[in-house]
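Asks: how would this look folded up:
(2 chains)
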There are 2 protein chains.
Amino acid sequence: MSAWEKNVRRVLPYVPGEQPKEEGVIKLNTNENPYPPSPKVRAVLRDFDVSQLRRYPDPEAADLRAAVAKRNGIDPSCVFVGVGSDDVLAMAFLTFFNGGDPVLFPDITYSFYDVWAGLFSIPFETQPLREDFSVDPADYKKKNDGIVLPNPNAPTGLEAPSGLLEEIVRSNPDSVVIIDEAYVDFGAKSALPLIRAYDNLLVVQTFSKSRSLAGSRIGLAFGDPKLIACLNDCKFSFNSYTMDRLSLEIARAAIEDEAYFQETVQKIVATRERTKARLKEVGFSFPDSQGNFIFASHERLPARLLFERLKEKKIYVRYFDRPRIDGHLRITIGTDEEMESFCKAVSAILSQEGCNY
Amino acid sequence: MSAWEKNVRRVLPYVPGEQPKEEGVIKLNTNENPYPPSPKVRAVLRDFDVSQLRRYPDPEAADLRAAVAKRNGIDPSCVFVGVGSDDVLAMAFLTFFNGGDPVLFPDITYSFYDVWAGLFSIPFETQPLREDFSVDPADYKKKNDGIVLPNPNAPTGLEAPSGLLEEIVRSNPDSVVIIDEAYVDFGAKSALPLIRAYDNLLVVQTFSKSRSLAGSRIGLAFGDPKLIACLNDCKFSFNSYTMDRLSLEIARAAIEDEAYFQETVQKIVATRERTKARLKEVGFSFPDSQGNFIFASHERLPARLLFERLKEKKIYVRYFDRPRIDGHLRITIGTDEEMESFCKAVSAILSQEGCNY
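Replies: Numbers count the residues shown, from 1 in each chain, chains lettered A, B, ... in the order given. Predicted coordinates:
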């Protein structure tokens, strides 16, 4: 071991879902959108003045923040943008969780939260979800330095019941409460209107799922201007220019195309509901997902076996080898055609394994 | 004050150079390249399949790292990429400087180093440059957790004499030594070949200056595979997908166009040398810059006055209101036409102020 290694930060990195390079794959493993981004994105690339790339981008991302603010009926001072919601969340952990008391989040949730806590040496305590994967608000009324709750939760897809999140935000005026809304556009209710009432609430969203721009790395946070200013101070202490010129323009084109956004989201929701019905018929159960994925377990076949058999058929879904969720598969909602292929493949596997429905 | 503010990280953010929005400005204040990026970048935008933006980018940036490795005759495992060299440096500070002893860097240097140290609560000690802005290697042979040296230095433009950097790297086997080569392509000698001999050396470069891609946010680090693996572990604990799909393709196109790169760099170097001669004639002195800027002070007029007069004429240069350097202006090298306008404006200001040459 080299001597300098003693000063290296000890981390346990997040492992993203596989990005298979082979052709002909049906990829339902990283909650990507099956539809292309708004046609206005194509126009951005067509009309872009390449010579402008020699210049630094606007470090304030003012035009994009104005467009996002307008779409949401808020002031641009309530908007923060970053390199995907992971960048926004990393920056929020770094900015807000420095007190020494634990940060609280569910035991079954986005598996990056404990990675960020580890990276920044932030103490944390996971709060067990109930058997049905729902949140017990009492778990978030103990001493803490911060709270992180995704809504809908991932990988379960469950939306918090009305009023629960506001109850938690209201009960914790001394902590920043982050509501991670990566999947909110597929049918759940956003906590965004609550930022007017609670200056300790940070709502995080992304263009990766509902706006088909995972490849452009665009994330948002909404909050009280004071909260956003703190986030900006840390961002400007890390990297002045996080958002490149093309991503800024692409994001603005996407946020301004509300009609395309609504159309795409509605198609995915319809496909999700059809897929739920199909899966139920062949012995699967799952929480009533409001995301662009279904978190399903089969009454007879182990999730890992299904995962592996599907992969042999070039269909990638996500399997988490972790306590409480290793009986489930997280299945991203693709196009109708992709979900038809998926359902047929599942039925074939079930038959091969002697499970007839 | 809201109670949650007590847990907010205290920082003193970096302030980037102004990005004026008015038209007709001559912008010599942020060391941008006056020439557009390689024509191959335009081809990337023209041929890009927009529908692919729905997919996450390759988190390993394998194709870009392979292209960069090939260009430099090294293995891809020696290459790290990030969102500009600021992102790379921020990640390196976070990864390598965790021991408790101070990190060492010059008192006159890139003013982001102390911001990163502040952000991550890393103790640091600045080492005073000599009167002529050169580095005394003895300053970097005391107990430390890490060393950061830019070469050429910014904002002075001075290149370290041959052997000095290797002497410092060799004298500090227990620390990671970062050589920040943001400006190395404009005439200085890179420390890159030394990574084979020293596993504690991290060389950082950027596409923002010499490759005219400040707007695309592309930075590099080179080092021993073990060092790069540590950096990757922290990067994957912060944000799996930092580089978006378009930037990855743009970067690859740029690195593969060696001829355009050489041509552009040589034009800037020639303009720099002509500008040096002109400035000398009218009473300026400066270190012999090897960057794409000149750090000049006038024998009679205060730098701040020149800065303000130039700004009135819509010519932006950089003025640092800091001890030891508040008598200098940092002037980015633009096109020949821009530098002609700049020199004429300077002469006019000198005449107005009664300084005749």
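
Asks: any idea which element residue A:167 lies in?
Replies: helix A:164-171 (DSSP states H and E).

Asks: Give me the buried positions along stretch A:334-342.
Replies: For stretch A:334-342, a neighbour-count test (16 or more other C-beta atoms under 10 Å in any protein chain shown) marks A:334, A:338, A:339, A:341, A:342 as buried. (C-beta placed from N, C-alpha, C; glycine too.)

Asks: What ranges does the stretch 251-357 of chain A have for its helices?
Replies: Applying DSSP state H, counting those that start in this stretch to the stretch 251-357 of chain A gives helices spanning A:258-281, A:303-312, A:336-352.

Asks: closest to residue B:154 out of those helices?
Replies: Comparison of the helices of the stretch 251-357 of chain A against residue B:154 by C-beta to C-beta identifies helix A:258-281 as nearest, at 43.2 Å.

Asks: Please report how far the closest residue to chain B within the stretch 251-357 of chain A lies from residue B:104.
Replies: In the stretch 251-357 of chain A, the residue that lies nearest chain B is residue A:254 (9.4 Å; C-beta to the nearest C-beta). From residue A:254 across to residue B:104, the span is 45 Å (C-beta to C-beta, to the nearest Å).

Asks: Now do the contacts for residue A:195.
Replies: Taking C-beta atoms under 8 Å, 6 or more residues apart in numbering or on different chains, we find residue A:195 in contact with A:74, A:78, A:201, A:203, A:222, A:223, A:224.

Asks: Would you mind measuring from it to residue A:72?
Replies: Residue A:195 sits at a distance of 10 Å from residue A:72 (criterion: C-beta to C-beta).

Asks: before we move on, back to that, ok, which of the helices of the stretch 251-357 of chain A comes nearest residue B:53?
Replies: That would be helix A:258-281 among the helices of the stretch 251-357 of chain A, by C-beta to C-beta, at 13.2 Å.

Asks: quick one: the closest one to chain centroid distance?
Replies: 18 Å (C-alpha atoms, centre = their mean, to the nearest Å).

Asks: And the contacts of it?
Replies: Under the contact criterion C-beta under 8 Å, 6+ apart, helix A:258-281 has outside partners A:33-35, A:38-40, A:71, A:185-187, A:210-212, A:254, A:286, A:288-289, A:292, A:294, A:296, A:331, A:333-336, A:339, A:342-343, A:346, A:357.

Asks: What residues sit buried inside it?
Replies: Residues of helix A:258-281 classed as buried: A:260-261, A:264-265, A:267-269, A:271-272, A:275-276, A:278-279 (neighbour count, 16+ other C-beta under 10 Å).

Asks: pLDDT added to the residues you listed, as CSV?
Replies: What follows is those, written out as CSV (pLDDT from 0 to 100):
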residue, pLDDT
A:260, 98
A:261, 98
A:264, 98
A:265, 98
A:267, 98
A:268, 98
A:269, 98
A:271, 98
A:272, 98
A:275, 98
A:276, 98
A:278, 97
A:279, 98
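
Asks: Let me know the closest of those residues to residue B:142.
Replies: Closest approach to residue B:142 among the buried residues of helix A:258-281 (C-beta to C-beta): residue A:261, at 57.7 Å.

Asks: buried subset of the contacts of helix A:258-281?
Replies: Burial by neighbour count, judged by 16+ other C-beta under 10 Å, picks out A:33-35, A:38, A:40, A:185-187, A:210-212, A:254, A:286, A:289, A:292, A:294, A:296, A:331, A:333-334, A:339, A:342-343, A:346 from the contacts of helix A:258-281.

Asks: Can you name the residues of the stretch 151-300 of chain A that neighbour chain B?
Replies: Counting by C-beta under 8 Å from any C-beta of the partner chain, the stretch 151-300 of chain A comes close to chain B at A:173-176, A:199-200, A:208, A:212-217, A:226, A:230, A:232-234, A:236-247, A:250.

Asks: hmm, try it at 6 Å
Replies: Within the stretch 151-300 of chain A, the positions near chain B by C-beta under 6 Å from any C-beta of the partner chain are A:174-176, A:199-200, A:212-217, A:230, A:233-234, A:236-240, A:242, A:244-247.

Asks: List the ones among those residues that fall in helices.
Replies: Taking DSSP state H, the ones among these that sit in helices are A:230, A:233, A:234, A:245, A:246, A:247.

Asks: Low-confidence regions, chain A specifically.
Replies: Counting by pLDDT under 70, chain A shows no low-confidence range.

Asks: Who's the closest spatial neighbour of the residue sitting nearest the centre point of it, skipping the chain neighbours?
Replies: In chain A, the residue lying closest to the centroid (C-alpha atoms, centre = their mean) is residue A:182, at 3.4 Å. The shortest distance from residue A:182 to any non-neighbouring residue, by C-beta to C-beta, 6 or more residues apart in numbering or on different chains, is to residue A:206 (5.0 Å).

Asks: That neighbour against residue A:85, yeah?
Replies: Yes - under the criterion of C-beta atoms under 6 Å, residue A:206 makes contact with residue A:85 at 3.8 Å.

Asks: which residues are common contacts for the two?
Replies: Counting by C-beta atoms under 6 Å, 6 or more residues apart in numbering or on different chains, the residues touching both residue A:206 and residue A:85 are A:182, A:219.

Asks: Strands of chain A, start to end?
Replies: Assigned by DSSP state E, the strands in chain A fall at A:26-27, A:79-82, A:103-106, A:124-127, A:146-150, A:176-180, A:201-206, A:219-222, A:284-285, A:293-298, A:315-316, A:318-319, A:329-332.

Asks: Show me the contact partners of stretch A:158-172.
Replies: A:133, A:135, A:137, A:140-141, A:151-152, A:177, A:179, A:188, A:191, A:194, A:198, A:201, A:287, A:290.

Asks: quick one: terminal-to-terminal distance for that stretch?
Replies: Distance across stretch A:158-172, first residue to last, is 23 Å (C-alpha to C-alpha, to the nearest Å).

Asks: Stretch A:285-296 too?
Replies: Terminal residues of stretch A:285-296 lie 6 Å apart, using C-alpha to C-alpha.

Asks: repeat for stretch A:143-162
Replies: End-to-end distance for stretch A:143-162: 24 Å, by C-alpha to C-alpha.

Asks: Right, I'll call it a day here.
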